[in-house]
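Participant: sequence and predicted model, in that order:
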Amino acid sequence: MNPSPLKILVVDDEANIRKTLSVYLETEGHAVSGVSSFQDALEEARRRPFDLAFVDLRLGANDGMDLIPALLAASPGLKILVITAYASIDTAVEAIRRGATDYIPKPFTPAQIGLAVRKAFEMRALEQRVAALQEDLVRARPEIDFASASPAMERAVALARQAAPSEATILLRGESGTGKSALGRAIHAWSRRADGPLGVVSCPSFPAELLESELFGHAKGAFTGAVRDFPGRVAACEGGTLFLDEIGDLSLALQPKILRFVQDKEYERIGDPTPRRADVRLIAATNLDLDRAVKEGRFREDLYYRLAVIPIDIPPLRDRPDDVEALANRLLAFHARANHRAFAGFTDEAVRLLRGYSWPGNVRELRNVVERATILCRTDRIGVEFLPPGLLPPESAPALGDRVSLEKLEEQHIRRVLATAKSLQEAADILGIDQATLWRRRKKYGI
């Protein structure tokens, strides 16, 4: 297998070695930077990411062995191949212990270099694949099927497919639970970056002061608790895609740093002023009206226009009544397999109830409802008795004074407010809570 082009750093104080390696690797199609000293190597690694580094153990007055952990701290995921004319078992063991991937004695042949590059490429590809599989296991979900009877949904999916192969920043807009994350993952899968990593960050999940560190990383000692260097999600997504969910919740302090990254692909880690570059595509999603947020001064106009190069609007499930039954059946098949069950479908009465409900939590709420039913139902068809009380008409739902818990009353009240409010901000205002608290309540109740 021929590796795709790699970004390679060659560190050797012998000009002939640097030139020979660089010419061979560039002939193979790779992008090569050659440096002669310990400090120049660190500066190059901090300035931009590399996939692979060839490091000589003798660098003038410096020891190349000390460069190995320093390079790994500056460029996480880097594969380091040690080259030396003073090969021994002890130095080989020590180099591997410090983080090197392979060890090549001088003099070496082009065939040896080519083999080492292929091995490093295969190791990187395997690590990315394992990381993607691990994330899919953690976020186990039904297979995504974007088939829809809704013209608005069909337009959204068609636009996503058309934009996916480009490098344009995409902004997915829609209510919470409409499938923005699923469509964002699909865009990555349809793009030229499909073999690269995909990182997903939910902005409201982190306090404002920690989100910057999560995205851009931090240096050891940058703040209390920073006991080691942390590369951040941007560095981890090199060559792939970063999906920022609910980007409307970004603090005003962090927005200019996101703007700089979107415009110039540059960023800095907390506690380290060295500018870094990353080859990462950004997809963002929001359930807020960002036009309104811009007018109210809660969101930067320049960032909004940078994010919305290609805006895609996803319709709410209540505007797609003809999709509800098909979605429910697909989700039923998935959860039946997951729970080792077999069902013939929903009863006619249950289907009428599903189609008539307003679904304030959209597809996410539907998925939770179907999963609950597959666990509780002991017949071959799922009837209304296995659907949550919140789906029943208002006269059938719990009311003040009924013998139900306060938690159940709170859930029903939140569902009803969400069903009538025009936005999450309006719903939060009606309930007298902030959006973060509403987000936690919705997560708790599966809305």
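Facilitator: Perfect, I can see it now. Numbering: from 1, shown residues only.
Participant: for the helix or strand where residue 181 lies, list every residue counted as buried.
Facilitator: Using DSSP states H and E, residue 181 sits in helix 180-190. Neighbour-count burial for helix 180-190, counted by 16 or more other CB atoms under 10 Å, picks out 180, 181, 182, 183, 184, 185, 186, 187, 188. Any C-beta I mention is one placed from the backbone N, CA and C, and that applies to glycine too.
Participant: just stretch 244-253 next, same as before
Facilitator: 244, 245, 246, 247, 248, 249, 250.
Participant: of these, closest to residue 212?
Facilitator: residue 250 (9.9 Å; CB to CB).
Participant: tell me the spacing between that closest one and residue 234.
Facilitator: For residue 250, the distance to residue 234 equals 15 Å [CB to CB, to the nearest Å].
Participant: and residue 333, by the same measure?
Facilitator: With distances taken as CB to CB, residue 333 is found 37 Å from residue 234.
Participant: between those two, who's got more neighbours?
Facilitator: It is residue 234, of residue 333 and residue 234, that has more neighbours when counted by other CB atoms under 10 Å, with 24 against 17.
Participant: please look at the more buried one and residue 213 and confirm they touch.
Facilitator: No. The criterion here is CB atoms under 8 Å, and residue 234 misses it with residue 213 at 11.2 Å.
Participant: adding pLDDT and distance to residue 343, write the buried residues of helix 180-190 out as TSV.
Facilitator: Shown next, in TSV, are the buried residues of helix 180-190 (pLDDT from 0 to 100; distance: CB to CB, whole Å):
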residue	pLDDT	distance to residue 343
180	95	29
181	93	27
182	92	23
183	95	27
184	96	30
185	94	27
186	95	27
187	97	32
188	96	32
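Participant: need the helix or strand of this protein with the lowest average pLDDT.
Facilitator: Within the chain, judged by mean pLDDT, DSSP states H and E, the helix or strand with the poorest mean is helix 110-138; its value is a mean of 74.
Participant: next, the buried residues of the helix or strand that comes right after that one.
Facilitator: Remark: after helix 110-138, the chain's next helix or strand is helix 151-163, criterion DSSP H and E. For helix 151-163, a neighbour-count test (16+ other CB under 10 Å) marks 153, 156, 157, 160, 163 as buried.
Participant: got the buried residues for stretch 368-386?
Facilitator: Those would be 368, 369, 370, 371, 372, 373, 374, 377, 382, 384, 386, for stretch 368-386 by 16+ other CB under 10 Å.
Participant: swap that for stretch 43-56, please
Facilitator: Applying a neighbour-count criterion of 16+ other CB under 10 Å, one finds 44-56 buried in stretch 43-56.
Participant: need the CA coordinates for it. PDB is fine.
Facilitator: The C-alpha trace of stretch 43-56 is given here as PDB (Å, rounded to 0.1, in the frame of the first residue of the first chain):
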ATOM      1  CA  GLU A  43      10.100  25.600  16.500                       C
ATOM      2  CA  GLU A  44       9.000  23.700  13.300                       C
ATOM      3  CA  ALA A  45       6.900  21.300  15.300                       C
ATOM      4  CA  ARG A  46       5.300  24.100  17.300                       C
ATOM      5  CA  ARG A  47       4.600  26.100  14.100                       C
ATOM      6  CA  ARG A  48       2.700  23.300  12.200                       C
ATOM      7  CA  PRO A  49       1.800  19.600  12.700                       C
ATOM      8  CA  PHE A  50       3.800  16.800  11.200                       C
ATOM      9  CA  ASP A  51       3.000  13.100  10.700                       C
ATOM     10  CA  LEU A  52       6.500  11.800  10.800                       C
ATOM     11  CA  ALA A  53      10.000  12.900  12.000                       C
ATOM     12  CA  PHE A  54      13.400  11.400  11.200                       C
ATOM     13  CA  VAL A  55      15.600  12.300  14.200                       C
ATOM     14  CA  ASP A  56      19.400  11.900  14.400                       C
END
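Participant: how far out from the middle of the chain is that stretch?
Facilitator: Distance, stretch centre to chain centre, for stretch 43-56: 25 Å (CA atoms, centre = their mean, to the nearest Å).
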